[in-house]
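>>> Next one to model:
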Amino acid sequence: MSSLDQEECMRVLGPHLGVLHDIIHDAFAKYQAYSPEALADHDERAAAACVHSHIITAASATFGETPGAKLLNARGLKVLNVDDRVVARFKKVDEDGRSRSYPTRQAKSFDKQLPLPGLPTPAARLTIGYEPDLAFTAIQRVVVSCPLGPSIIWCSQVLRDGDEARWVDITPQRFTGTEGYRRYEGREGQG
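Numbers count the residues shown, from 1 in each chain. Predicted coordinates for the structure are as follows:
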């Protein structure tokens, strides 16, 4: 497995941060341009699926000819591969940078940083996400987060200032003993 160090992972993504920020904002704007009647028909899951589809289409077109970066399709999981050092999926996230995937074996393995068929084994598995407002009418921020099982090791906010893109660490600070309760896998019924 590659290093999960925030500085190293963000350095790998660095040359692409501006483009990734723009792809996410453009995809969200494209969804918001749907007719009010269509938007009213969508629940949160449908809205996120539409935005995701626009992101994947734009990322595929953008990274089709980019040296060192390309979109991979690993058994339906579409991720951006950057130099076989980082593979990142695109997701809607919460304020901590955590996505809400259906817990398939593939999704759980990705979050646990485990090898998956079709993905470079040493690459860190990251999430490039957008946090929408409660009404799903605007993006509050674009983030890159590093999951490890049900936890997030670190979270970076991607900022765009004109032609420049940069990131800042927004990892939530936690006091010892205040971590959320997590039931251990395979031990249902036991606390």
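
>>> Same question for the longest helix anywhere in the chain: list its buried residues.
Longest helix in the chain, counting residues (DSSP state H): helix 44-63. Using 16 or more other C-beta atoms under 10 Å as the burial criterion, the residues of helix 44-63 that qualify are 47, 48, 50, 51, 52, 54, 55, 56, 58, 59, 62, 63. For every residue, glycine as well, the C-beta is placed using N, CA and C.

>>> Now the fifth one. Nearest residue, chain neighbours left out?
Put plainly, it is residue 52. In space, and not counting its chain neighbours, residue 52 is closest to residue 90: 6.2 Å by C-beta to C-beta, 6 or more residues apart in numbering.

>>> next one: the third one
Among residues not flanking residue 50 along the chain, residue 31 sits closest, at 5.0 Å (C-beta to C-beta, 6+ apart).

>>> Surely the one you found is in contact with residue 51?
Yes: between residue 31 and residue 51 a contact is recorded at 4.9 Å, counting by C-beta atoms under 8 Å.

>>> re earlier: so the residue nearest to residue 52 touches residue 129, yeah?
Yes: with contact defined as C-beta under 8 Å, residue 90 counts as touching residue 129 (7.1 Å).

>>> Walking through the protein, point out its strands one by one.
With strands called from DSSP state E, the chain shows them at 69-74, 77-82, 86-92, 124-132, 139-148, 151-161, 164-169.

>>> tell me the angle the first one makes with strand 86-92.
When axes from the mean of the first three to the mean of the last three C-alpha atoms, to 10 degrees is applied, the directions of strand 69-74 and strand 86-92 differ by 70 degrees.

>>> Done for today, thanks.
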